[in-house]
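Peer 1: Let me see the structure of the following:
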Amino acid sequence: LNKILPTDVHIMAGNVATGIGFIDLEEWGADSVRVGISSGAACSTAIKTGHGLPTLQSIIYANQARRGRNVQIIADGGMKKPGDLVKAFAAGADFCILGSLLAGTKASPGKIIKQEDGKWMKEYFGSASEKSQVLAGKTKVYEEGVSALVPYTGKLENTLESLYNGIVSGCSYSGVKDLLSLRHQAIYQEITTAGYLQAIPHVKL
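Peer 2: Sure thing, here's the model as predicted:
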């Protein structure tokens, strides 16, 4: 690809879920690779095609496969909380694509809808959903995504500030000052389902 396009053109390719897929795109000239198949909140690829892996595992595979050239890993799908971004960066991601996390903000596309119970919601649909493809002008579509409503969260700045604070706090727990150091310092520990549930706020209100 670099032999065809000017050298100042950034080539982003993907999506892939495995180290082999990452190496292929790396060798073909990609500057960055989108990593993640089927983990998006509005994605139905796994149940429609039988293909997909948790994004975190795919990031780990891609980072292990990454060779000398500085090809960037873009984590795509499955980011629900600030902690998910922290884990993605620690596993080797250079950037994270956010869908549902930002879909409820005022700045995102989609209608703001007030429900009968008084709650404000916002339209959200995956890029492979029927609605998204129809809006793009496609007539024959195969859905690998869904359309839904997500809570309206207001100003984009508030959501970004929350994400930023979560990432900074995550770095502090690993004793690092930047994301590159986090990648080398963080230690992964497998936990049980009981341990995972204990980590979720479980006080009765």
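Peer 1: only C-alpha atoms for contact and neighbour calcs from this point on.
Peer 2: Fine.
Peer 1: those helices in the chain, which residues are they?
Peer 2: Ranges of helices within the chain are 19-27, 45-49, 55-65, 82-91, 100-103, 130-135, 156-173, 179-185, 193-199, based on DSSP state H.
Peer 1: Which one of those has the poorest average confidence?
Peer 2: Set side by side, the helices of the chain give their lowest mean pLDDT on helix 130-135, at a mean of 71.
Peer 1: Against V71, how distant is the residue of the chain most remote from its centre?
Peer 2: Largest separation from the mean C-alpha position in the chain: E116, at 31.7 Å (CA atoms, centre = their mean). According to CA to CA, to the nearest Å, E116 and V71 sit 49 Å apart.
Peer 1: just L102 next, same as before
Peer 2: The spacing between L102 and V71, counted by CA to CA, is 26 Å.
Peer 1: go on, T153?
Peer 2: Separation of T153 from V71 (CA to CA): 34 Å.
Peer 1: ok, I11 - contacts?
Peer 2: For I11, the contact set (CA atoms under 8 Å, 6 or more residues apart in numbering) comprises 29-32.
Peer 1: mind redoing it with 10 Å?
Peer 2: Contacts for I11 (CA atoms under 10 Å, 6 or more residues apart in numbering) come out as 1-2, 5, 25, 29-33, 71.
Peer 1: so which of the residues you listed is the most crowded?
Peer 2: V33 (24 neighbours; other CA atoms under 10 Å).
Peer 1: ok now do the residue lying closest to D178 once chain neighbours are set aside, which residues does it touch?
Peer 2: Beyond its immediate neighbours in the sequence, the residue positioned closest to D178 (CA to CA, 6 or more residues apart in numbering) is C171, lying 6.9 Å away. Neighbouring residues of C171 by CA under 10 Å, 6+ apart: 86, 90, 165, 177-179, 181-183, 185-186.
Peer 1: and what of P151?
Peer 2: Here P151 is in contact with 100, 103-105, 112-113, 119-124 (criterion: CA under 10 Å, 6+ apart).
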